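A.B. asks: need coordinates for the following:
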Amino acid sequence: MADMSFDVVCVGAGAKALAFACWATKYGGLSVAMFDERHEAGAGWSSEESLAPGFLADHCSHIHSRAAYHGLLLEDFPEIDEMAEYSTHRVFSAMIFKEDDTWVGRYGYGEDPTQEKTYKLFEKISRKDADTYMWLLDKVVRYWGPAFDEAGWVPTPSSDEMDPLDLVMANPESGWKQEWTLMSPVQVIRELFESVEIQALFLRVGQSAGAMPDEAGMAMVSIMTAMQPDIMVHRGGAHNMTHCTSRVIQSNGGKIFLNARVEKILIKDGKATGVRLADGTEVDARVAVVSGAYPTDLVFELTGEEFWSPTVIRGIKGLRTNINCISWYTWALQGQPIYSAEVYNPDCHDAAYICLGRKDINYIIQDVERRRRGLWPDPEKFNLVINNWSIAEPTLAPPGKASVLTEQYVLPATAYSDREWQEVAKRHADEIIRFWSRYTTNISWENVIGYVPVTPYFTVRHSRSFGPSGGWTSIDTFPKQLGKYRPIPELANIRKFPIKDLYPASVCWGGYGIGGTCHQGYHVYKVLADLHGLRKPWEEKGRKY
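C.D. replies: This next block holds a predicted model:
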């Protein structure tokens with residue numbers, strides 16, 4: 001007999017599971033228990049006062065898109081929208097060019113609702129590219145954006161079915177050329193834009209969603225990332241979303257158990273019936289078990305090979321995980337970075353994404369090629385991005401100081417031993433400061449109060465949900481591991497999952513590999529609502545999904 005019993009048991013209390021539990025408790029009226037092995041819920045929604053006293057840093061998921069990440073959650077839970085205070089940047093992205101300390105970028109919609117200011121920035125470089133940008137903006141607003149949003153929020157179909165992106169790319173009015181579907185981001189961006197400066201901007205920002213510039217079939221993901229409509233920085237850090245969702249869950253009867261590792265998902269007659277914790281406690285699940293586990297952990301540890309077909313076992317063993325690995329060092333600084341390009345136009349100071357680039361896209365491609373060969377990025381040719389949180393949300397740092405993140409793709413956690421990673425982490429900090437200083441007038445070790453070396457090695461130890469490689473998307477994002485093929489086609493459609501009443505809700509399922517979103521939690525609730533006649537807020541509010 002079970003020690004505890006609930007309608008739904010969640011393996012883990014990460015972002016996706018928290019989102020699911022909000023809908024399940026408030027709208028579904030289900031009793032939900034969440035068991036997480038960490039000392040706190042949230043997984044990637046994690047913020048720490050770890051840089052120095054008074055400095056807050058997001059060590060994993062950080063800058064979010066309100067619409068793409070949390071849109072439906074905030075619509076269905078206005079209490080979260082009220083609690084989750086956030087700020088926005090005036091400038092979405094800026095690519096600074098070392099050759100002449102100029103820059104090009106995109107203003108945020110709050111600052112530039114018609115994108116006329118962005119047009120003028122582009123026009124300084126190329127009138128043709130400025131016109132192309134406005135054409136692209138029209139297609140994104142009317143066709144690509146709505147399809148991309150729908151593809152994120154609706155449960156993934158089977159691999160032989162059309163998903164919303166398939167449909168929009170097949171629509172001749174959308175402006176999407178059929179051949180672009182098979183092309184890499186660099187091929188499509190070169191076709192769209194004539195100036196190397198704007199090509200570089202789009203490719204590097206697109207890469208921040210895991211869309212490698214040379215990866216065939218990733219052009220849509222790359223472009224949509226570069227064209228994001230909004231950026232939000234959470235007051236108190238991304239972990240504030242953990243607090244807000246936890247409050248909703250607990251106020252509606254849900255329970256969150258921490259330092260409580262699930263050892264096994266219990267299966268009887270092909271159906272998930274509950275879990276057993278590491279301390280031997282057995283918990284019954286009357287309706288469903290929701291798993292936030294990494295695919296190999298789910299298949300080989302939490303369940304067992306005997307429950308899966310040889311095709312599934314081969315597919316899970318063959319997942320690619322070594323490319324989307326990143327260093328996200330977080331820095332406490334004496335003052336805001338001052339960029340030489342501010343002389344050209346001071347607005348770059350306020351950008352959410354500052355790409356430190358050159359008037360050449362080959363270095364972006366070569367950076368990926370080096371990592372594919374197992375080589376550390378060339379410190380003289382870094383593909384470095386600066387994410388300045390405190391310029392938009394000053395509560396993340398003491399007055400006059402700065403809390404900043406640097407992003408550079410690196411090798412996976414498996415590339416080095418524990419001892420080697422300690423040495424690599426220190427060396428990499430020097431590499432970042434040296435490279436960063438070339439674009440600024442005040443970045444040096446004298447401006448650094450403290451830092452946290454968030455390497456893939458760090459990320460693996462932060463949460464097992466990031467897998468053995470420590471990639472920020474857990475498994476790599478490329479066409480074979482996206483959408484209706486993610487993580488593998490046999491497991492992608494959660495409505496037809498091989499084990500009855502077991503539902504995965506992690507970044508490794510569905511969507512486009514963005515870790516901090518609520519998508520997969522919403523997918524699971526939609527499926528359960530259909531199966532068990534639960535409340536459907538999308539129907540109550542007249543939404544399509």
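
A.B. asks: helix or strand for Asn259, which one?
C.D. replies: For Asn259, there is no enclosing helix or strand under DSSP states H and E.

A.B. asks: correct me, but it touches His39?
C.D. replies: Yes - between Asn259 and His39 there is a contact at 6.0 Å, judged by Cβ atoms under 8 Å. To be clear about C-beta, it is placed using only N, CA and C from the backbone, and glycine gets the same treatment.

A.B. asks: okay, the two: which has more neighbours?
C.D. replies: Legend: neighbour count by other Cβ atoms under 10 Å for Asn259 and His39, higher for Asn259 (12 against 7).

A.B. asks: what backbone torsions are found at the more buried one?
C.D. replies: The phi/psi pair for Asn259 (degrees, to the nearest 10) reads phi 50, psi 40.

A.B. asks: tell me, what's the model's pLDDT at it?
C.D. replies: Asn259 is assigned 97 on the pLDDT scale.

A.B. asks: OK, contacts around it?
C.D. replies: Contacts for Asn259 (Cβ atoms under 8 Å, 6 or more residues apart in numbering) come out as Glu37, Arg38, His39.

A.B. asks: now do Arg90
C.D. replies: Counting by Cβ under 8 Å, 6+ apart, Arg90 has contacts Tyr107, Gly108, Gly110, Glu111, Asp347, Asp350, Ala351, Ala392.

A.B. asks: just the ones in helices from those, please.
C.D. replies: Among those, no member falls in helices (DSSP state H).

A.B. asks: out of these, which is nearest to Gln408?
C.D. replies: Nearest to Gln408 among the contacts of Arg90, counting by Cβ to Cβ, is Ala351 at 17.2 Å.

A.B. asks: just to check, the closest one is in contact with His89?
C.D. replies: Yes - applying Cβ under 8 Å as the test, Ala351 and His89 come out as touching, 6.4 Å apart.

A.B. asks: between those two, point out the one with more neighbours.
C.D. replies: Ranked by neighbour count (other Cβ under 10 Å), Ala351 and His89 place Ala351 first, with 28 against 25.

A.B. asks: now, which of the contacts of Arg90 sits nearest Glu215?
C.D. replies: Ala351 (25.5 Å).

A.B. asks: related to what we said a few turns ago, okay, and which of the contacts of Asn259 map to helices?
C.D. replies: When those are checked against helices (DSSP H), there are no matches.

A.B. asks: any chance of those residues in a markdown table, with pLDDT too?
C.D. replies: A markdown table is the format used below for the contacts of Asn259 (pLDDT from 0 to 100):
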| residue | pLDDT |
| --- | --- |
| Glu37 | 96 |
| Arg38 | 93 |
| His39 | 92 |
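
A.B. asks: now the strands for the stretch 301-450 of the chain?
C.D. replies: Using DSSP state E, counting those that start in this stretch, the strands of the stretch 301-450 of the chain run over residues 326-333, 351-357, 385-388, 402-409, 448-452.

A.B. asks: deepest-packed of those, please.
C.D. replies: Compared across those, strand 351-357 shows the largest average neighbour count, a mean of 27 (mean count of other Cβ atoms under 10 Å).

A.B. asks: how about it as PDB, C-alpha atoms only?
C.D. replies: As requested, the backbone C-alpha atoms of strand 351-357 are provided in PDB (Å, rounded to 0.1, in the frame of the first residue of the first chain):
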ATOM      1  CA  ALA A 351      20.900  46.700 -25.300                       C
ATOM      2  CA  ALA A 352      19.800  43.400 -23.900                       C
ATOM      3  CA  TYR A 353      22.100  41.400 -26.300                       C
ATOM      4  CA  ILE A 354      25.400  43.000 -27.100                       C
ATOM      5  CA  CYS A 355      27.300  40.900 -29.600                       C
ATOM      6  CA  LEU A 356      31.100  41.700 -29.800                       C
ATOM      7  CA  GLY A 357      31.700  41.100 -33.500                       C
END
